[in-house]
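Peer 1: After the sequence you'll find the predicted model.
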Amino acid sequence: MIRISGLSKAFGDKEVLRGISLDVEEGTTFVVLGASGSGKTVLLKHVIGLLKPDAGTVHVDGMEISALSGRALTEARRVFGMVFQGAALFDSMTVFDNVAFPVRERERRIPHDELLARVIESLRVVDLGEDVLDEWPSQLSGGMRKRVSLARALVANPKIVLYDEPTTGLDPITTNSVDSMIDQAKHRRGVTSMVISHDIASAFRVADRLAVLYDGRIAAQGTPEEVRRSDDPYVQRFLSLWFEKQ
Amino acid sequence: MGRIRAVFEDFGGQVLFAGETLAWAVRPPFRLELLLHQAAAIGVGSTFIVAVTGLFSGMVLALQGNYAMRQFGAEGYVGGFVAISLVRELGPVFTALMVTGRSGSAITTELGTMRVTEQIDAMESMAVNPVHYLVVPRVVAATLMMPILSVVFSAMGYLGGYLIGVYVSLIPPGPYLDHTKSMLDVPDMTHGLSKAVMFGAVVSLIATYRGYSASGGARGVGDATTQAVVWSSVAILVVDYLLTFISIG
């Protein structure tokens, strides 16, 4: 579903990604783990075509996203939903208008009742009720904003959902519920997910496969168990603290 | 040297952005509701401040005109002088400067905040082109509303000039109005309106570009807003000179 081959990117003199290659299978959840500043978000922005690589390619659902631009790129993005680190809700719109946005833009003549039903259904998937429809993003807690953001990402039935640090800054209970939502999106809707995170516990809970990013390279990749048994010194150091706690 | 290069790169970026905006402006879907919303924000929202500035500008013009022309016994020409100054020059220029301060800065701040909080990235990720959705309605609305606001400015200015000229400087109303009719012609009005259209496009393109390309958090948005106001003001005067030169050069 997503194939990244030899992806490299530098900003000025700073090399952020150095020859990243990975495959995300359809209907699975792939987590990219890494410390802050390891290039995770830059990697994710290449997948959706928000950044262009210096070298390498990104193929999504058979299309070479990294070679597209303009209208073709805009059209290609229809397969995606994305949950941003800070939720990135439109602060000039209510919760209803935020969640309805992708549907309105794709199906401009959709009747209001049908649109409302789809928004409510999407909010229900993330355990939110109709009472939040008229709320403004500034009135919501961090956890609720993340949920609304996920509802917005799911409402247009995307094939792929990208998550940028979905659990950062959340309390353990909300983190658990976000993890469940990622799992529900996979099981109920069959979406392919790519999650960028530095939350090891959450990553091991949701991942079918995962990769550890270090200094712009992939230090280890495989199933959670394979990564746990990696002999790479950085991966061992990165994971050890959490495993000791367990 | 690096600074000069940066200025040229910046200008090149602005030109490319204008081209991209133009290309998206003629593509469907045409979001009429967004256009009307922006027209209300830029046009209706600026009417009061433009009308007040216009009124006082006309009053000052009448006072200065009377002071200068009285020396040649040509007070009757004050009406024509006020009308031509407003319609050809002060109306479009002052209106554009007022819209820059009021609406241009607001546009840059809004788009800049959306940029640094990833709202623009979010829009792109939902297969909606942000230039099409955010920039085109603002640029089209400003380009359409600027000539209307300029007419409001000039009309209020002429009213202010008439009140001062006739009731304070005691110029007889007959010659005041007659000389306005004989001196002000249709080409003067089209010249002023074409300037206003151009200023609307220039101001809104600069404001949207600065906001759209903002980076670096709240401070970056503040810097972008300052640059938008400064560059818009400079651009208005440069474009004003060029259009005047082409017209009467």
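Peer 2: On my side now, so go ahead.
Peer 1: what residue ranges in the chain score low on pLDDT?
Peer 2: If you meant another chain, say so; for now it's chain A. A:242-246 (pLDDT under 70).
Peer 1: Chain B, not that one
Peer 2: B:249.
Peer 1: any idea which element residue A:37 lies in?
Peer 2: Following DSSP states H and E, one finds residue A:37 outside all helices and strands.
Peer 1: typo on my end, residue B:143
Peer 2: Using DSSP H and E, residue B:143 falls in helix B:136-162.
Peer 1: That helix packs against which elements?
Peer 2: helix B:2-25, helix B:32-39, helix B:45-69, helix B:78-84, helix B:91-99, helix B:173-183, helix B:186-212 (3 or more Cβ pairs under 8 Å, 6 or more residues apart in numbering or on different chains; DSSP states H and E). Bear in mind the C-beta positions are built from the backbone N, C-alpha and C, glycine included.
Peer 1: Run the angle between that helix and helix B:32-39 for me.
Peer 2: Interaxial angle of helix B:136-162 relative to helix B:32-39 (axes from the mean of the first three to the mean of the last three Cα atoms, to 10 degrees): 40 degrees.
Peer 1: buried residues in helix B:136-162?
Peer 2: B:136-158, B:160-162 (16 or more other Cβ atoms under 10 Å in any protein chain shown).
Peer 1: What residues does chain A have near chain B?
Peer 2: Applying Cβ under 8 Å from any Cβ of the partner chain, we find that chain A lies next to chain B at A:45, A:48, A:50, A:71, A:74-78, A:80-82, A:84-86, A:88-92, A:101-102, A:105-106, A:108, A:152, A:156, A:162.
Peer 1: Narrow the residues you listed to those in helices?
Peer 2: Counted as lying in helices by DSSP state H, out of these, are A:45, A:71, A:74, A:75, A:76, A:101, A:102, A:105, A:106, A:152.
Peer 1: For the last one, list the residues it contacts.
Peer 2: Looking back up the chat, that one is residue A:152. Contact analysis of residue A:152 by Cβ atoms under 8 Å, 6 or more residues apart in numbering or on different chains lists A:81, A:89, A:98, A:99, A:101, A:102, A:122, B:126.
Peer 1: My read is that the first one contacts residue A:164, right?
Peer 2: No - if you go by Cβ atoms under 8 Å, residue A:81 and residue A:164 don't touch, sitting 11.9 Å apart.
Peer 1: who's more crowded, the two?
Peer 2: Between residue A:81 and residue A:164, counted using other Cβ atoms under 10 Å in any protein chain shown, the more crowded position is residue A:81 (28 against 23).
Peer 1: Please find the angle between the direction vectors of the helix of greatest length in chain B and helix B:91-99.
Peer 2: Longest helix in chain B, counting residues (DSSP H): helix B:217-248. Relative orientation of helix B:217-248 versus helix B:91-99 (the same axes, to 10 degrees): 180 degrees.
Peer 1: Nearest spatial neighbour of residue A:145, chain-adjacent residues omitted?
Peer 2: Leaving aside its sequence neighbours, residue A:145 sits nearest to residue A:87 (Cβ to Cβ, 6 or more residues apart in numbering or on different chains; 3.9 Å).
Peer 1: looking at it, that neighbour is touching residue A:148, isn't it?
Peer 2: Yes - if you go by Cβ under 8 Å, residue A:87 and residue A:148 touch, sitting 7.0 Å apart.
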